[in-house]
Structure formats: C-alpha cells, structure tokens
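Q: coords please:
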Amino acid sequence: MTKTSHPYAGMWVTADGTIRHELLPEGRYVEARGRRERAYTGRYEISGDHIDYVDDTGFTADGDFIDGVLHHAGMVLRRRSPGDNRS
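A: Numbering: from 1, shown residues only. I've put the predicted structure just below:
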C-alpha cells in the first residue's frame with residue numbers, strides 16, 4: 001500500500017456500533033471497543049481486498065473486504081458515512 005489515501009480508508013463499524021476501525025490514509029488504524037476509543041492502534045497493509053493488521057504490541061490479525069463489507073476475526077464491519085456520528 002502506498003502512503004496516499006486508499007479506497008478502504010475511513011471508518012468501519014459493526015452493526016451494533018461496539019467495534020469501530022478507523023483506517024487512516026497513511027496506513028495506521030485506531031480500533032475502538034465500546035466506550036474505549038483507542039483500545040488498539042497499529043498499522044495496516046492492504047493487498048487487493050485483503051487487509052493485514054499489526055497492532056503496536058506486535059499482535060497480528062487480518063480480514064477481507066467482500067462486496068463492500070469488512071470481514072475481520074468473525075466480525076462484520078460496514079463503512080460509516082462521514083456525517084454519521086453514532087457510536
């Protein structure tokens with residue numbers, strides 16, 4: 001992934017809003033869980049429709065974008081619209 005904005009950059013959330021992944025354009029991410037806004041932070045790389053995460057402690061995870069939906073660790077996350085402020 002280059003250090004420019006990627007088409008998957010943005011906010012991804014579970015249906016109940018509990019898990020939120022903000023994929024930043026520079027290849028970093030912030031994961032929020034419930035009221036904990038910065039539960040995990042790290043970097044990500046995207047190859048095609050596959051994403052690999054490495055959090056700042058070294059833990060790794062991955063996922064896939066299928067039909068505009070992020071499937072990650074048994075969770076389904078959908079892109080949040082920029083003006084949508086729900087938690």
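Q: which non-adjacent residue is nearest the most centrally placed residue in the chain?
A: Nearest to the mean C-alpha position of the chain, by CA atoms, centre = their mean, lies H21 at 3.4 Å. Across the structure, with CB to CB, 6 or more residues apart in numbering as the measure, the residue nearest H21 apart from its sequence neighbours is W12 (4.5 Å). No exception for glycine: its C-beta is placed from N, CA and C like everyone else's.
Q: same thing with R38?
A: Once its chain neighbours are removed from consideration, R38 has its nearest residue in V30; the separation is 5.8 Å (CB to CB, 6+ apart).
Q: And G68, by the same measure?
A: Closest residue to G68 apart from its sequence neighbours, by CB to CB, 6+ apart: R79 at 7.0 Å.
Q: ok, whichever strand or helix holds A32: who's next to it in the sheet?
A: Counting by DSSP states H and E, the secondary-structure element that holds A32 is strand 28-33. Strand pairing for strand 28-33, using DSSP bridges, gives strand 19-23 (antiparallel), strand 36-47 (antiparallel).
Q: buried stuff in that strand?
A: Using 16 or more other CB atoms under 10 Å as the burial criterion, the residues of strand 28-33 that qualify are Y29, V30, E31, A32.
Q: need these in a markdown table with pLDDT, can you?
A: Written out in a markdown table, the entries for the buried residues of strand 28-33 read as follows (pLDDT from 0 to 100):
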| residue | pLDDT |
| --- | --- |
| Y29 | 98 |
| V30 | 98 |
| E31 | 97 |
| A32 | 97 |
